[in-house]
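**Student:** I need the structure of the sequence given here:
(2 chains)
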Amino acid sequence: GAVVSQHPSWVICKSGTSVKIECRSLDFQATTMFWYRQFPKQSLMLMATSNEGSKATYEQGVEKDKFLINHASLTLSTLTVTSAHPEDSSFYICSASPGGAEAFFGQGTRLTVV
Amino acid sequence: KNEVEQSPQNLTAQEGEFITINCSYSVGISALHWLQQHPGGGIVSLFMLSSGKKKHGRLIATINIQEKHSSLHITASHPRDSAVYICAVLLNNDMRFGAGTRLTVKP
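**Tutor:** From the prediction side, this is the model:
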């Protein structure tokens, strides 16, 4: 099946710094990429949807200036957590869709802000 | 009300038992996904369904579009099947998730 590579799988950063998470579709072109966040023992929550070459659409309550999403190519989307704080510590997951109903998930990134 | 309801929330089984996890949704969908999330957080896509039934190894997934219901079955369960299983529905490029079912299979 199609593969989505998310990197890094885990990261620890200091409060106030920025962290970039990459999501790559390895064997297909992803017209749409989704970014999710998961708090402990809770389900995945959609943060934003991005289409290649256009601005991401953010869900209500998600700060676009804090969670910068770039989808510059059909195989790569990045999520940058700017000026990270401990409350941003979470599990971040991307998924990529070549179109239609198909969606393939990255392995996730565990972010810890200290 | 959540658009995607899963049951049970938690499930403990003995090795070898047949397991069923259910997912009901309230909106018309393009497709339904079953995901497996391991204790470390990593997610594996198990199935994508838009109709009928799919089988992969010991896993079987079914969907009834008219009843807006899907089931995930695990035959001959094994401790390594212990994980959180998540149902997700895709509607107009918008994916919504169930709360997940935490499965523990004891040896």
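
**Student:** residues from chain B in reach of chain A?
**Tutor:** Residues of chain B lying close to chain A by Cβ under 8 Å from any Cβ of the partner chain are B:30-31, B:33, B:35, B:41-45, B:48, B:50, B:86, B:88, B:90, B:93-100. C-betas here are computed from N, CA, C, even on glycine.

**Student:** and with 10 Å instead?
**Tutor:** Residues of chain B lying close to chain A (Cβ under 10 Å from any Cβ of the partner chain) are B:2, B:4, B:6, B:29-33, B:35, B:37-38, B:40-45, B:48-50, B:84, B:86-91, B:93-100, B:102.

**Student:** what segments of chain B are strands?
**Tutor:** B:4-7, B:10-14, B:19-25, B:31-37, B:43-49, B:52-56, B:59-64, B:69-74, B:83-91, B:94-97, B:101-106 (DSSP state E).

**Student:** do chain A as well
**Tutor:** A:4-7, A:10-13, A:19-25, A:32-38, A:45-51, A:57-58, A:67-73, A:76-81, A:90-99, A:102-105, A:109-113.

**Student:** the lowest-mean-pLDDT helix or strand in chain A pairs with which strands?
**Tutor:** Sorting the helices and strands of chain A by mean pLDDT, DSSP states H and E puts strand A:102-105 at the bottom, at a mean of 83. Partners of strand A:102-105 in the sheet, by DSSP bridges, are strand A:90-99 (antiparallel).

**Student:** let's have the strands of chain A in JSON lines, adding mean neighbour count.
**Tutor:** As requested, the strands of chain A are exported to JSON lines (neighbours: other Cβ atoms under 10 Å in any protein chain shown):
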{"stretch": "strand A:4-7", "mean neighbour count": "20"}
{"stretch": "strand A:10-13", "mean neighbour count": "14"}
{"stretch": "strand A:19-25", "mean neighbour count": "21"}
{"stretch": "strand A:32-38", "mean neighbour count": "24"}
{"stretch": "strand A:45-51", "mean neighbour count": "20"}
{"stretch": "strand A:57-58", "mean neighbour count": "16"}
{"stretch": "strand A:67-73", "mean neighbour count": "18"}
{"stretch": "strand A:76-81", "mean neighbour count": "22"}
{"stretch": "strand A:90-99", "mean neighbour count": "24"}
{"stretch": "strand A:102-105", "mean neighbour count": "22"}
{"stretch": "strand A:109-113", "mean neighbour count": "19"}
